[in-house]
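A.B. asks: no sequence on hand, only this structure:
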Ligand SMILES: *Cc1c(COP(=O)(O)O)cnc(C)c1O
């Protein structure tokens, strides 16, 4: 992986390594370190979620420009239109940024629940498309009618025949006394034979939760026609699953959906004019060549979509439909970066300071010491083998009672130091032998974040996210790393994996700060994140740039304080407050002054978020008052 941490694989030119830090490859190219330090200087500690609206814009511009190009290339007549599926990220500072940077495209939103629909109704300008997917009850359909009558360009996607009945019923109620009431557009989600690929493939295929089979589709068509809704039947929709690693399943799905579209059109669906191909456009999360996740690029995706639909339209002699996409992951992933401070390294015992060498040591220990002192590029492999050999012998000697605990400890430390030095010296880090050794000398980094809150897909699906330090990138990192989060759950661990190893630097956290960045966390992670151990959404901030290229912050929102976290899960704050106060006030051992001091301390703690404070941070905060 080297010093770049695969940034050329997953980074998409969004970040660059400059001198020794990771910098934003935009405007004045500030470093993530500088930004992090600025925010921490304002008194915000713990993990930090940085949002970069310019990266949302980049993805949207890219999506539109590729489809524009493909349309031109194939002389495609229909339009291209994207909507953002809110389930991917509903956080206001993301949605607001998305709407702001996408104004020129008439960008729309997709809602899958009533609450998401309210976001869509309040955040899209009139005329921008709103699509409504997922299971719907009468109230939700009624909300869609309300939206349509506000002037929204809204399409209800029918997921099953029952929903069509409800639409007919709601329409009857809305138009009973007022004939001028508008009925929303109708889409039908089709259940394709084709399935997606990968861990999120369940959304497509015959066993999928969603969509109409061809039999149901025919029945739906007849009911739509009979109830005078043909004028509303506007879109067909499919979605074959997220993070499509290959393009072929999409092509199959497109042929299937395209032909269904054409069949309906030729049957008399005169208002039908759009194919919505859902999401699924994938993101490269890999940090190592061998674990790449995608085999296509956006240009190929756009070409295939436009070309295949055009072919079907030509063959079936119909007008080329408008194309809708609902890409979520592709639009949102790159916009946020989680920065988390390392709190501690669990390896101090293997530091040379821990050696307890005696006046007279067993010969093998003396030899190990010599190996450690004199190991160099030339002899590294040989010395390494010798060291491991010696260690085995020393353990045997210990078991037989010939050496004592101190000797045993010395041999562990020395062998560990030798392995580390050898790995540094042997340039071919990927050799199988070295990898095996790394498991022996893994370093555990305790990181101030919760994997459950901030990387739930890692916890639930082993989805990899790019991880790297934001500083010291001029130095080769040699510690094979396991990351521990601060939850009390052993699943809150990103274990060292010799197939995609992570190496971090040797740092003394009591002397210097060391931050890790987790990239591509902008899709799904925030809302799926859970409050295990009551660690909540991290402190977040939006980073923007002035015309001159300087960065500035907006929407700085601190992670919830302890009392609010408890209030959120319905503890009575007043009760908690009273109870705590009472226990101090009724104490028989504390003096009045002591009581007051304890209360002050207590309230200070309650006002802070539940993440840990690094040692350095607490030292500093004595000197520095919070400015915000
Ligand atoms: C989840 C979902 C999407 C978004 O999928 P991505 O893979 O994130 O692009 C799009 N459409 C529908 C119907 C969805 O359920």
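C.D. replies: Sure, I can see it. Note that the structure is predicted; figures quoted are calculated from it, not measured.
A.B. asks: so what's the residue count around residue 568?
C.D. replies: As a burial measure, residue 568 scores 12 neighbours (other Cβ atoms under 10 Å). For every residue, glycine as well, the C-beta is placed using N, CA and C.
A.B. asks: got a list of what the nearest residue to it once chain neighbours are set aside touches?
C.D. replies: Nearest residue to residue 568, sequence neighbours excluded (Cβ to Cβ, 6 or more residues apart in numbering): residue 560, at 7.1 Å. By Cβ atoms under 8 Å, 6 or more residues apart in numbering, the residues touching residue 560 are 536-537, 568, 609-610.
A.B. asks: ok, residue 560 to residue 453 distance?
C.D. replies: Distance, residue 560 to residue 453, by Cβ to Cβ, to the nearest Å: 11 Å.
A.B. asks: now list whatever residues contact both of the two.
C.D. replies: Shared contacts of residue 560 and residue 453, counting by Cβ under 8 Å, 6+ apart, come down to 536-537.
A.B. asks: need the residues of the stretch 251-400 of the chain near the ligand, please.
C.D. replies: Residues of the stretch 251-400 of the chain lying close to the ligand (Cβ under 6 Å from any ligand atom) are 278-281, 326-330.
A.B. asks: rerun that using 8 Å as the cut-off
C.D. replies: By Cβ under 8 Å from any ligand atom, the part of the stretch 251-400 of the chain that sits against the ligand consists of 278-282, 326-332.
A.B. asks: close to the ligand: what parts of the stretch 401-550 of the chain are there?
C.D. replies: That would be 523-524, which are the residues of the stretch 401-550 of the chain within reach of the ligand (Cβ under 8 Å from any ligand atom).
A.B. asks: what are the ranges of the strands in the stretch 401-550 of the chain?
C.D. replies: Secondary structure of the stretch 401-550 of the chain by DSSP state E, counting those that start in this stretch: the strands cover 443-447, 467-469, 479-484, 493-494, 503-504, 515-518, 539-545.
A.B. asks: give me whichever of the ones you listed is most buried.
C.D. replies: Greatest average neighbour count among those goes to strand 467-469 (a mean of 25), per mean count of other Cβ atoms under 10 Å.
A.B. asks: now the stretch 401-550 of the chain against the ligand: closest residue?
C.D. replies: residue 523 (6.0 Å; Cβ to the nearest ligand atom).
A.B. asks: count the neighbours of that residue for me.
C.D. replies: By other Cβ under 10 Å, neighbour count at residue 523 equals 28.
A.B. asks: for residue 552, same thing?
C.D. replies: Around residue 552 there are 10 other residues, counting by other Cβ under 10 Å.
A.B. asks: a strand runs through it, doesn't it?
C.D. replies: Yes. Using DSSP: H, G, I helix; E, B strand; the rest coil, the assignment for residue 552 is a strand.
A.B. asks: return the residues in contact with it.
C.D. replies: Residue 552 touches 543-546, counting by Cβ under 8 Å, 6+ apart.
A.B. asks: out of those, who's nearest residue 241?
C.D. replies: Within the contacts of residue 552, the smallest distance to residue 241 is 32.1 Å, found for residue 543 (Cβ to Cβ).
A.B. asks: partner residues bridging the closest one?
C.D. replies: Residue 543 has these beta-bridge partners by DSSP bridges: residue 553.
A.B. asks: and the helices in the stretch 501-628 of the chain?
C.D. replies: Using DSSP state H, counting those that start in this stretch, the helices found in the stretch 501-628 of the chain span residues 525-528, 562-568, 573-585, 592-606, 615-623.
A.B. asks: need the winner for burial among these.
C.D. replies: helix 525-528 (a mean of 20).
A.B. asks: and the longest strand along the chain, which residues are buried?
C.D. replies: Using DSSP state E, we find that the single longest strand of the chain is strand 336-345. Within strand 336-345, the residues that count as buried by 16 or more other Cβ atoms under 10 Å are 336-345.
A.B. asks: what's in contact with whichever helix or strand comes after that strand?
C.D. replies: Using DSSP states H and E, the helix or strand that follows strand 336-345 towards the C-terminus is helix 363-374. Helix 363-374 is contacted from outside by 357, 361, 383, 386-387, 390-391, 393-394, 397, 407, 410-411, 414-415, 417-418, 421, using Cβ under 8 Å, 6+ apart.
A.B. asks: can you tell me which of the residues you listed are buried?
C.D. replies: 361, 383, 386-387, 390-391, 394, 397, 407, 410-411, 414-415, 417-418, 421.
A.B. asks: among the residues you listed, which pair sits farthest apart?
C.D. replies: Maximum pairwise distance in the buried ones among the contacts of helix 363-374, criterion Cβ to Cβ, is 23.8 Å, between 397 and 421.
A.B. asks: for residue 325, what are phi and psi?
C.D. replies: Residue 325 adopts backbone torsions of phi -120, psi 160, taken as degrees, to the nearest 10.
A.B. asks: can you verify my assumption that it contacts residue 279?
C.D. replies: Yes. Residue 325 lies in contact with residue 279 (Cβ atoms under 8 Å); the separation is 7.2 Å.
A.B. asks: neighbour count winner among the two?
C.D. replies: Shown here are residue 325 and residue 279; by other Cβ under 10 Å, residue 279 has more neighbours (28 against 25).
A.B. asks: can you show me the strands along the stretch 51-200 of the chain?
C.D. replies: 80-85, 108-111, 129-132, 153-158, 185-189.
A.B. asks: which one of those strands lies nearest to the ligand?
C.D. replies: strand 80-85 (4.0 Å).
A.B. asks: who does that closest one touch, helix- and strand-wise?
C.D. replies: helix 53-73, strand 108-111, strand 129-132, strand 322-325, helix 329-332 (3 or more Cβ pairs under 8 Å, 6 or more residues apart in numbering; DSSP states H and E).
A.B. asks: looking from the ligand, tell me which residue of the stretch 301-450 of the chain is nearest.
C.D. replies: As assessed by Cβ to the nearest ligand atom, the ligand sits closest to residue 328 within the stretch 301-450 of the chain, at 3.0 Å.
A.B. asks: please list all residues in contact with that residue.
C.D. replies: Contacts of residue 328 by Cβ under 8 Å, 6+ apart are 84-85, 87-89, 242, 279, 523-524.
A.B. asks: need those in CSV (columns: pLDDT).
C.D. replies: Below are those laid out as CSV (pLDDT from 0 to 100):
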residue, pLDDT
84, 98
85, 98
87, 98
88, 98
89, 98
242, 93
279, 96
523, 98
524, 98
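A.B. asks: and the helices and strands packed on strand 80-85 as TSV, adding mean pLDDT?
C.D. replies: Compiled in TSV, these are given as follows (pLDDT from 0 to 100):
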stretch	mean pLDDT
helix 53-73	98
strand 108-111	98
strand 129-132	98
strand 322-325	98
helix 329-332	98
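A.B. asks: can you tell which of the ones you listed is closest to residue 377?
C.D. replies: helix 53-73 (41.6 Å).
A.B. asks: show me which residues of the closest one are buried.
C.D. replies: 53-60, 62-64, 66-67, 70-71.
A.B. asks: okay, now residue 400: neighbour count?
C.D. replies: Residues near residue 400, counting by other Cβ under 10 Å: 8.
A.B. asks: ok, residue 277 next?
C.D. replies: 24.
A.B. asks: what's the answer for residue 385, then?
C.D. replies: A count of nearby residues for residue 385, using other Cβ under 10 Å, gives 12.
A.B. asks: contacting residues around the residue in the chain positioned nearest to the ligand?
C.D. replies: Residue nearest to the ligand within the chain: residue 279 (2.3 Å; Cβ to the nearest ligand atom). By Cβ under 8 Å, 6+ apart, the residues touching residue 279 are 85, 88, 239, 242, 325-330.
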